[in-house]
Structures are given as C-alpha cells and as structure tokens.
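J.: okay, sequence plus prediction incoming.
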2 protein chains.
Amino acid sequence: MAIGSIGLLHPGEMGAAVGGELVRAGHRVIWASRGRRPPSRTRAEAAGLVDVETIDALVQASDVIISLCPPHAALDVAKGVSPFRGIYLDANAISPATARQVADIVEHAGGEYVDGCVIGSPPTRDRATRLYLAGKGGPTVLDFFAGTSVQAAVVSSDPVAASALKMSYAAWSKGSAALLLAVRALAAAEGVLEPLLAAWQASELDLGPRSLQAGEWAAKKGWRWAGEMDEVAATFRSAGLPDGFHRAAAEMFARASGEAGVPADDTLPPLSTEGS
Amino acid sequence: MAIGSIGLLHPGEMGAAVGGELVRAGHRVIWASRGRRPPSRTRAEAAGLVDVETIDALVQASDVIISLCPPHAALDVAKGVSPFRGIYLDANAISPATARQVADIVEHAGGEYVDGCVIGSPPTRDRATRLYLAGKGGPTVLDFFAGTSVQAAVVSSDPVAASALKMSYAAWSKGSAALLLAVRALAAAEGVLEPLLAAWQASELDLGPRSLQAGEWAAKKGWRWAGEMDEVAATFRSAGLPDGFHRAAAEMFARASGEAGVPADDTLPPLSTEGS
C-alpha cells in the first residue's frame, strides 16, 4: 500500500532491527537523533534509517509512527509526539491499561491507535520475529511487513488484545526466569545449592543450566525487564489475580541489573523523568 | 540395625507408602487409628502397618517416629507426641525455621531430631522416591531404608538442610506450576487464551498441556500445597529474598482447591485447630 514515511521511536536493538526490515521492504523509515546517544546512530545507520533530527520533524513527515521502547517509557513517547494524526503503532510490553492510556493520547489528537507486541529476539534476515497486532488498524499495519522477517499477525479486533497477549506471554517467559533466579539465590543463601542442583539432575530437570542462563539475561536486561514485570503485575491486579509473582520478579530483575550496573547504551533514555 | 518399632504419623498417601517400604524391609511399623478416617485404615492395612490405636501407645512402643503430614500440621504432630525420647524424623515440607521449632520440641523432651524431606511421588515397588536426610542422625535413619524403594541420602550435617533443600526444590516445582496456572487464568480473563496457546506453540513451548496438568494437580492437591507455599514464602523472607512468588502461589492453590472442594479423605485432619 502507498504510505509515505514511517517514523521509528527509537532505534534500540529491537527498534533498529524492525526498522531495518521495513527499509528492506521498500519503506522510507525515519528517526530523530537529537538527544540520543552514539549507539542509536550506529544502529540506525546500519539499518538504513533516515535521520530527521527532531521529534517535531519526524511527526511532520510521518504517516505512521511505531513506538518500540522500554515499557516504562511508552507513555512519554506517545505524549512526546502528540498531536499526531496518522497511524500510531505501540508495540511495547505494556499492560492493557497502559495501552488504553496511550490509545487515549493518540485518539484525542485525531490519530489512529494500533496495538501491537513483539515476541522473539530482534529480527535478522535469517531469524524471524513475531509481531502481533490488534484493533481495527491491525490489517493495515500487517501489510507493511509483507516479505520481511517480521511475521505479523492480527490477534483480534479488541483494541488492546496484543498488549494483553504480550503480558500473558511475558508473565511466564520472564516471570519463570525470575522465579528460577530467586530459587537459586535461596538455595545459595541456605547453603543447599549443590544438593539442589543434584536433586534437579536426579529429576532429569535442566534447571541448573537454565538458572545460570536466567542470571546472564537478568544481568544484561534486568533494568528493562523490571519495568515489564511491573506492567505484568498491574495486569494481574486489574484482572483480580495475585500480582505477587511479578512484583517479586521485578524486584529480582532490579537487583540483578543493579548488581550488573546500568546499561552502557541508550536503548532508551527517558524523554522526561515522568513515568520512568 | 536393631530397632524396635517405627511409629508412623500418619498413613496419608505418602506416609502409608513409605511405611509399607519399611515393612517390606522387615521393620515393625505402627500407627494410631484413633480419630483417623476410614481411608487411613485402608491404606495402613494395605501397607502392613500395625494399629496401636492411640498416640500415647505409639509413643510408648516406638524407638523411632516418622512425621509425614501436610506442612501446616507438622508442629502439632510434634507437640502431640511430646515427650518422646527416641529418634524423631520430620520429613515434611516445612521451612528451616519451622524445622527448628520442631527440633526444639523434640530435643527439649530428650529426643533426637532428624531433618528430612521427600522428593517424588509415593514409592511403589517399581517407582523410587527420594528421601533426603540432614543432621547428625541422618546416617542412622538412612540405614532403615536399605533395600527399599525409598532412596535415602544424607544432604549434610546441618540440622535443617533437608528442609532447606525441600523448600528450594518446591519453590520451583510447585511455584512454577502455580505461575503457569495464574498465567492461564490471566489470559482467559483478558480474552487472549487462544492466541496465547498459539504463541506458545509457535515458540515450541509445551506450556499448553503443562498448564492444564497444573490445573488438575492444583484441584486435587491445592489444599495441601497452599500451606507448603506459605512455608516456602517464609523461607524466602527469612533469607532476605522476595516472598511474593510463593504468597501468590499459595493464593492460586487455595483458590484452585476451594473451587474443587475439600478433599474427601483424611490425609491429615488437624490434631488441633492451632497451626492449621
């Protein structure tokens, strides 16, 4: 379909990879470099994104804006481009309630909100990532990704179903990693780590290696996953289900990233202190 | 080794099966039928246990007492046989702190506390179960099980290491089952269960069947697992780690068993209302 430019906020690892796929499909993808740090530029240039420097210029030039950022920044990103009257795809790991807030911001300004979520690692030519879409505009957005490594699918016409799906998926994928980390920490604290590893082996469970891997992920990405677990916890609470699993998961990830230090690149520095 | 009778409290599914293995190894195993319901008698008789009717008679006749009961009842069971001056094996799923309380009760009366835990389903001739032991008396108790389907092993001489091991093991085995239940409930509440099951399949994760199985287990055993998750949560709290995973797990299991109703048999009716 004939669209002009797609504005991408922001070229973190996932954003740059998804943007690169859109470029590969023939789209003009733009980004705004002002206030971003060098790794964003490196990724954006490698992906073939066009720098329009400012958010204002990006809003002016875009028919579609895609928000791909850490969960705690999703609202600020939406506020930062308002008013925008095109299609706004939020593909972040946010609760349905947060997604509704983003949708309100977009729709009150006359734009069209499309709900999305990404499941998988950043796409490459050889490795597909799944993009789930929801809401009336889902099929339109789906078409942009034809022939790319972004396998887009429409979940339903429910305006925030993709966010609900992401929360449910992450509730296990990252929640179980946090649980495993916590269990390993408990066994170590109680002096029974070796017997626990042996007992897992005796039960033919591969939890020793999995718990080590969870620790490596958490050290690298815990700073972002903590916010995602907060969104998941809020989703459970809204649904009348216990939120304790994911409040604890957020704490485990915050601890793990605190130990590992703040990430060196700017996958997303906050646009403001609000909401972060 | 030459021991007299082993008193078994109580012939629930696990207790009767472990008692039956001891009988098979040539030991005289006794139980007390007063106040128990018919399924206990059926199991005890099938396992070859000798009924001495009362707890007092059991305490008088036993050189060793084994406590196998739901976690919330472990302290009451220990109080109910005090004073007892033989070897007291607590093989329940209790926190190290609760195990220390049981040990205090036993040792103040002049008995010898041995810490234990069972990992696995009730043993049969063809299916082994693991019994982990800790404390100075571990090796003595280990010998009782020679040649049975109860594979006994000494974890360490730390007086409550077997309880710590059980808490760590159950923290994942049952905690992850509760998490999976909760995730499935969330997806259902948000109207995205079908997309979630499809997303798990697309990721080659067998979580659909596993989450169904978790629901079946929880409906059957949730009433007992809720107390076990409370013990696990307390263990995390004592170790300075977040207890939210397992407080939430306890809630999920309590809900699941509430929906399924109270179990029909008496795997353990409380000896008193205290601690239950």
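T.: Thanks, I have the structure now. Residues are numbered from 1 along each chain as shown, chains lettered A, B, ... in the order given.
J.: ok, which stretches of chain A are strands?
T.: Listed in chain order, the strands of chain A (DSSP state E) span A:5-9, A:28-31, A:50-51, A:62-67, A:87-90, A:112-119, A:129-134, A:150-156.
J.: quick one: which of those is nearest A:Leu193?
T.: strand A:112-119 (32.2 Å; CB to CB). Every C-beta, even on glycine, is put in place using the N, C-alpha and C of the backbone.
J.: could you confirm whether that closest one reaches chain B?
T.: Yes - judged by CB under 8 Å from any CB of the partner chain, strand A:112-119 comes into contact with chain B through A:Ile119.
J.: helices or strands up against that strand?
T.: Judged by 3 or more CB pairs under 8 Å, 6 or more residues apart in numbering or on different chains; DSSP states H and E, strand A:112-119 is in contact with strand A:87-90, helix A:96-108, strand A:129-134, helix A:138-144, helix A:161-189.
J.: the same query, at a cut-off of 7 Å, please.
T.: Where contact means 3 or more CB pairs under 7 Å, 6 or more residues apart in numbering or on different chains; DSSP states H and E, strand A:112-119 is packed against strand A:87-90, helix A:96-108, strand A:129-134, helix A:161-189.
J.: could you export the ones you listed as CSV, including mean neighbour count and mean pLDDT?
T.: Below are the helices and strands packed on strand A:112-119 laid out as CSV (neighbours: other CB atoms under 10 Å in any protein chain shown; pLDDT from 0 to 100):
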stretch, mean neighbour count, mean pLDDT
strand A:87-90, 26, 98
helix A:96-108, 20, 98
strand A:129-134, 24, 98
helix A:161-189, 26, 98
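J.: check contacts around A:Asp243.
T.: By CB atoms under 7 Å, 6 or more residues apart in numbering or on different chains, the contact set of A:Asp243 is A:233, A:236-237.
J.: now A:Gly175
T.: Per CB under 7 Å, 6+ apart, neighbours of A:Gly175: A:232, A:245-246, A:249, B:179.
J.: swap the cut-off to 10 Å and go again
T.: Neighbour list for A:Gly175: A:225, A:228-229, A:232-233, A:236, A:245-246, A:248-250, A:252, B:176, B:179-180, B:182-183, B:245 [criterion: CB atoms under 10 Å, 6 or more residues apart in numbering or on different chains].
J.: of all the helices and strands packed on strand A:112-119, which lies closest to A:Ser257?
T.: A:Ser257 lies closest, by CB to CB, to one member of the helices and strands packed on strand A:112-119: helix A:161-189, at 11.7 Å.
J.: wait, does the helix of greatest length in chain A make contact with chain B?
T.: Ranked by residue count, the top helix of chain A under DSSP state H comes out as helix A:207-238. Yes - using CB under 10 Å from any CB of the partner chain, helix A:207-238 reaches chain B at A:207, A:210-211, A:232-233, A:235-236, A:238.
J.: quick one: terminal-to-terminal distance for stretch A:132-145?
T.: Taking CA to CA, to the nearest Å, the first and last residues of stretch A:132-145 lie 12 Å apart.
J.: give the buried residues for it.
T.: A:132-135, A:137-138, A:140-142, A:144-145 (16 or more other CB atoms under 10 Å in any protein chain shown).
J.: so which of those residues reach chain B?
T.: Residues of those in contact with chain B (CB under 10 Å from any CB): A:132, A:134.
J.: among the buried residues of stretch A:132-145, find me the one that's closest to chain B.
T.: Distance to chain B, by CB to the nearest CB, is smallest for A:Tyr132 among those, at 7.1 Å.
J.: contacting residues around the nearest residue to A:Ala16 once chain neighbours are set aside?
T.: Using CB to CB, 6 or more residues apart in numbering or on different chains and skipping residues adjacent in sequence, the residue nearest A:Ala16 is A:Arg43, 3.7 Å away. Going by CB under 10 Å, 6+ apart, A:Arg43 touches A:10-13, A:15-17, A:19-20, A:31, A:36, A:49, A:122, A:265, A:267.
J.: equivalent analysis for A:Ala78, please.
T.: A:9, A:65, A:67, A:69, A:84, A:88, A:90, A:92, A:98, A:101-106, A:109, A:111, A:113.
J.: gap between A:Ala97 and B:Gly86?
T.: 59 Å (CB to CB, to the nearest Å).
J.: what do you get for A:Ala99?
T.: 63 Å.
J.: cool, A:Gln151 as well?
T.: For A:Gln151, the distance to B:Gly86 - CB to CB - is 66 Å.
J.: burial check on the residue lying closest to A:Gly138 once chain neighbours are set aside, number of neighbours?
T.: Nearest non-adjacent residue to A:Gly138, counting by CB to CB, 6+ apart: A:Val154, 4.0 Å away. Residues lying near A:Val154 (other CB atoms under 10 Å in any protein chain shown) number 21.
J.: A:Val154 and A:Leu165 touch, don't they?
T.: No - at 11.3 Å, A:Val154 does not count as touching A:Leu165 under the criterion of CB atoms under 10 Å.
J.: shared neighbours of these two, anything?
T.: With CB under 10 Å, 6+ apart as the test, A:Val154 and A:Leu165 both reach A:116, A:132, A:134, B:195.
J.: tabulate these (a markdown table), appending distance to B:Ser203.
T.: Listed next are these as a markdown table, based on distance: CB to CB, whole Å:
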| residue | distance to B:Ser203 |
| --- | --- |
| A:Gly116 | 17 |
| A:Tyr132 | 12 |
| A:Ala134 | 19 |
| B:Pro195 | 12 |
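J.: and the residues you listed, which two are the farthest apart?
T.: Spatial extent of the shared contacts of A:Val154 and A:Leu165 (CB to CB) is set by the pair A:Gly116 and B:Pro195 at 12.8 Å.
J.: those two: which has the busier surroundings?
T.: Between A:Gly116 and B:Pro195, counted using other CB under 10 Å, A:Gly116 has the larger neighbour count: 28 against 23.
J.: quick one: A:Val150 and A:Ser176, what's the gap?
T.: According to CB to CB, A:Val150 stands 26 Å off from A:Ser176.
J.: which of the helices and strands in chain A ranks last by mean pLDDT?
T.: helix A:244-260 (a mean of 91; mean pLDDT, DSSP states H and E).
J.: and that helix, is it in reach of chain B?
T.: Yes - using CB under 10 Å from any CB, we find that helix A:244-260 touches chain B at A:244-252, A:255.
J.: would you format these as TSV with neighbour count included?
T.: TSV is the format used below for those (neighbours: other CB atoms under 10 Å in any protein chain shown):
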residue	neighbour count
A:Gly244	24
A:Phe245	33
A:His246	30
A:Arg247	21
A:Ala248	26
A:Ala249	32
A:Ala250	26
A:Glu251	18
A:Met252	29
A:Arg255	19
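J.: closest one to B:Ala61 out of those residues, please.
T.: For the residues of helix A:244-260 next to chain B, the nearest to B:Ala61 is A:Gly244 (45.6 Å; CB to CB).
J.: quick one: contacts for the closest one?
T.: Contact analysis of A:Gly244 by CB under 10 Å, 6+ apart lists A:233, A:236-237, B:182, B:233, B:242-252.
J.: repeat that with 7 Å
T.: B:244-245, B:247-248.
J.: one more: A:Arg237?
T.: Applying CB under 7 Å, 6+ apart, the residues near A:Arg237 are A:Asp243.
J.: in contact with the residue of the stretch 1-150 of chain A found nearest chain B, which residues?
T.: Nearest residue of the stretch 1-150 of chain A to chain B, counting by CB to the nearest CB: A:Ile119, 6.0 Å away. With contact set as CB under 7 Å, 6+ apart, A:Ile119 has these partners: A:130, A:132, A:169, B:199.
J.: again, 10 Å this time
T.: Here A:Ile119 is in contact with A:93, A:129-132, A:151, A:162, A:165-166, A:169-170, A:173, B:199-200, B:202-203 (criterion: CB under 10 Å, 6+ apart).
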